[in-house]
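A.B. asks: 3D model of this:
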Amino acid sequence: MTHRKKPWILGVCLAVALAGCAQKQNASQLTIWHWMSDREDVFQELANRYHASTGVSVRFQLFAPSDAYSQKVKAAAQTSTLPDIFGILGEKRDFASFILSGHVANLAAEVDAGEGSWRKVLFEKPLLMNEFMAGNSYGVGVGTYGIPIDVMNIQFVYNKELFRQAGLDPGKPPATWKEFLSASAKLKEKGIQGLVSGWGEIWMIECLASNFASNIMGEEKVLATLRGKVPYTDSDWIRVLKFFQEMREQGVLADGVVTMINKRAEQLFANGQAAFAMNGSWCVNVYHGMNPNLDYGVMLPPRVSNAYPQVIWGGAGSSLMVNEKSSRKKQAIDFLQWLTAKDQQVYLAAQTRNLPSNREALVDLHPILAEFANGMDRAVHPSLLPLAEFPLVTEAFTKGIQSILIGEKTPEEVAEEVQALKERELQKQSARNKQS
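C.D. replies: Predicted coordinates for the structure are as follows:
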């Protein structure tokens, strides 16, 4: 009887041993969550290369669209089930909340360590977007909490074939506001729509308004406005708003742009239904998928003033964070260092048509992507400013521009409404400060 039980006992022991092996194997596997559906095959190839090189298994898990991904990450944070490496889609305050809850590792030591440190090879401003400085308003400790795997900036693109049809020089896009309006008028005469962009997504309106404001009044006056020292009823802010009014009055904009999401705007431009588009460098990959034969170029947003240098929104495109609570934190950091090294960055840029975060990888870029790369020195981003506008004020400002674009309100009316809201928010902040 005892002899007959031995095979069963042996089977149980073998199963337990195999389970233990499976747990060990799983324990050595890095898990990365992402939302970048166009890069799934590329990430898998990189995972295969890393495993072949180091013996460490890497599993990329895709959750798309981005809204679904954001919810997934937030839910995982609440249950402490985040993977080893993940990204955070949201504003700086969302980023800060993950850090304050202990979910994100501070990589400051690794960023500045050694000759080939991240600080020395990555683009400066995208890296700064993942940093928190001393005295920041979020209460986050000084450090670097994410690593950009690519970078981006937002400019204008223009259709060279439509330029030819309107008698415009495709090698000389408009540089100033006056030239932009003149080119738009010639296009309109030929029945060609002008500017298309996803201005149903108000952050894109904020982007262009920010370009105008920086060009007209410079960073110091913008910061003074954020502090409440300069009102939105100031003549310079009125001037910013009037550019949008002029676009409506001159018929510069494509039909439906005020309620359009950017994906629809990208389709219209890719199909040759608009001569200009305001979009980010990610569009190179998007347009290639929609129309590989599209003949287009890149231009800075029209200069509206000579008072201050032109700047554009730009910085980190996609950043990844290391889970502070992961038992594989060291392995996760090692993988991110490998992923952002030159060879992997060159491969990523070539396969995904996105700008690499490693400056040394700016080789053999897609020609249009190279044009976007030339703008990185002009790149700024609101998250790099020492303070931020109240979210309600930003929303009122951008939605006010939408009202201007459809002729519901004047620039002066919008400015007055935004300033009234700003004053209320300042009063609330003052009351909170007194209570604390």
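A.B. asks: now the residue nearest the centre of the chain, what's its secondary structure?
C.D. replies: Centroid-nearest residue in the chain: residue 317, 4.3 Å away (criterion: CA atoms, centre = their mean). Here residue 317 takes the strand state, with states given by DSSP: H, G, I helix; E, B strand; the rest coil.
A.B. asks: Surely it is in contact with residue 282?
C.D. replies: Yes - with contact defined as CB atoms under 8 Å, residue 317 counts as touching residue 282 (6.6 Å). In this view, the C-beta of every residue, glycine as well, is placed from N, C-alpha and C.
A.B. asks: So for the two, which residues contact both of them?
C.D. replies: Both residue 317 and residue 282 are contacted by 152, 354, under the criterion CB atoms under 8 Å, 6 or more residues apart in numbering.
A.B. asks: What mean pLDDT does the lengthiest strand in the chain get?
C.D. replies: Ranked by residue count, the top strand of the chain under DSSP state E comes out as strand 147-159. What strand 147-159 shows for mean pLDDT is 97.
A.B. asks: Relative to the whole chain's centre, how far out is that strand?
C.D. replies: 8 Å (CA atoms, centre = their mean, to the nearest Å).
A.B. asks: and if you look at stretch 194-207?
C.D. replies: Distance, stretch centre to chain centre, for stretch 194-207: 14 Å (CA atoms, centre = their mean).
A.B. asks: end to end, how far does it reach?
C.D. replies: 19 Å (CA to CA, to the nearest Å).
A.B. asks: list the buried ones in it?
C.D. replies: 194-202, 204-207 (16 or more other CB atoms under 10 Å).
A.B. asks: and for that stretch, what are the contacting residues?
C.D. replies: Residues outside stretch 194-207 that contact it (CB under 8 Å, 6+ apart): 154, 156, 184, 187-188, 208, 247, 251-254, 257-266, 268-269, 273-279, 313, 394-395, 397-399, 401-402, 405.
A.B. asks: Please spell out the segments of the stretch 1-150 of the chain that come in under the pLDDT threshold.
C.D. replies: Along the stretch 1-150 of the chain, the model assigns pLDDT under 70 to residues 1-27.
A.B. asks: ok, 80 please
C.D. replies: The model of the stretch 1-150 of the chain has pLDDT under 80 over residues 1-28, 114-116.
A.B. asks: Which parts of it are strands?
C.D. replies: For the stretch 1-150 of the chain, the strands defined by DSSP state E, counting those that start in this stretch cover 30-34, 58-62, 85-86, 131-132, 143-144, 147-159.
A.B. asks: still on that earlier bit, quick check: the gap between the residue nearest to the centre of the chain and residue 58.
C.D. replies: Residue 317 sits 20 Å away from residue 58, going by CB to CB, to the nearest Å.
A.B. asks: What is the longest strand of the chain packed up against?
C.D. replies: Packing contacts for strand 147-159, counted by 3 or more CB pairs under 8 Å, 6 or more residues apart in numbering; DSSP states H and E, involve helix 124-128, strand 276-280, strand 296-299, strand 312-322, helix 342-352, strand 355-356, helix 367-373.
A.B. asks: and it with strand 312-322, angle?
C.D. replies: With axes from the mean of the first three to the mean of the last three CA atoms, to 10 degrees defining the directions, strand 147-159 sits at 150 degrees from strand 312-322.
A.B. asks: helix or strand right after strand 147-159?
C.D. replies: The helix or strand immediately downstream of strand 147-159 is helix 160-165, counting by DSSP states H and E.
A.B. asks: Pull out the CA atoms of that following helix and give them to me as CSV.
C.D. replies: Written as CSV, here are the backbone C-alpha positions of helix 160-165 (Å, rounded to 0.1, in the frame of the first residue of the first chain):
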residue,chain,number,x,y,z
LYS,A,160,3.3,71.3,-50.7
GLU,A,161,1.1,70.1,-53.5
LEU,A,162,-1.8,72.4,-52.4
PHE,A,163,0.7,75.2,-52.2
ARG,A,164,1.6,74.6,-55.9
GLN,A,165,-2.1,74.6,-56.8
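A.B. asks: which residue packs closest to residue 308, ignoring adjacent ones?
C.D. replies: residue 218 (4.2 Å; CB to CB, 6 or more residues apart in numbering).
A.B. asks: picking up where we left off before, in its sheet, what does the longest strand of the chain sit against?
C.D. replies: When pairing is defined by DSSP bridges, strand 147-159 lines up against strand 276-280 (antiparallel), strand 296-299 (antiparallel), strand 312-322 (antiparallel), strand 355-356 (antiparallel).
A.B. asks: what's near enough to touch residue 347?
C.D. replies: Residue 347 makes contact with 42, 46, according to CB under 8 Å, 6+ apart.
A.B. asks: check which helix or strand covers residue 415.
C.D. replies: Take DSSP H and E as the rule and residue 415 turns out to sit in helix 411-435.
A.B. asks: helices and strands around that helix, which ones?
C.D. replies: Short answer (3+ CB pairs under 8 Å, 6+ apart): helix 411-435 packs on helix 235-249, helix 391-405.
A.B. asks: If we use 10 Å, what do you get?
C.D. replies: helix 202-226, helix 235-249, helix 391-405 (3 or more CB pairs under 10 Å, 6 or more residues apart in numbering; DSSP states H and E).
A.B. asks: Check the offset of stretch 350-368 from the chain's centre.
C.D. replies: Its chain's C-alpha centre and that of stretch 350-368 lie 16 Å apart, by CA atoms, centre = their mean.
A.B. asks: Could you shift the numbering so residue one becomes 35, and keep it that way?
C.D. replies: In the new numbering, first residue 35, that becomes stretch 384-402.
A.B. asks: Buried residues, it. List them.
C.D. replies: Buried residues in stretch 384-402, counted by 16+ other CB under 10 Å: 384-393, 395-396, 399-400, 402.
A.B. asks: I only care about the contacts of stretch 228-241 that end up buried; give me the PyMOL line for that.
C.D. replies: Buried residues among these (16+ other CB under 10 Å), as a PyMOL selection:
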select buried, resi 188+190+218+221+222+242+281+286+287+288+291+292+294+296+299+300+302+303+307+308+309+310+311+312+313+347+428+431+432+435+436+439
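A.B. asks: closest to residue 365 out of the strands of the stretch 35-184 of the chain?
C.D. replies: With respect to residue 365, and counting by CB to CB, the nearest of the strands of the stretch 35-184 of the chain is strand 64-68 at 5.8 Å.
A.B. asks: circling back to that earlier point, go ahead and confirm the residue nearest to the centre of the chain touches residue 160.
C.D. replies: Yes - taking contacts as CB atoms under 10 Å, residue 351 lies within contact range of residue 160: 7.6 Å.
A.B. asks: In contact with residue 439: list those residues for me.
C.D. replies: Counting by CB atoms under 10 Å, 6 or more residues apart in numbering, residue 439 makes contact with 233, 239, 278-279, 281-282, 287, 291-292.
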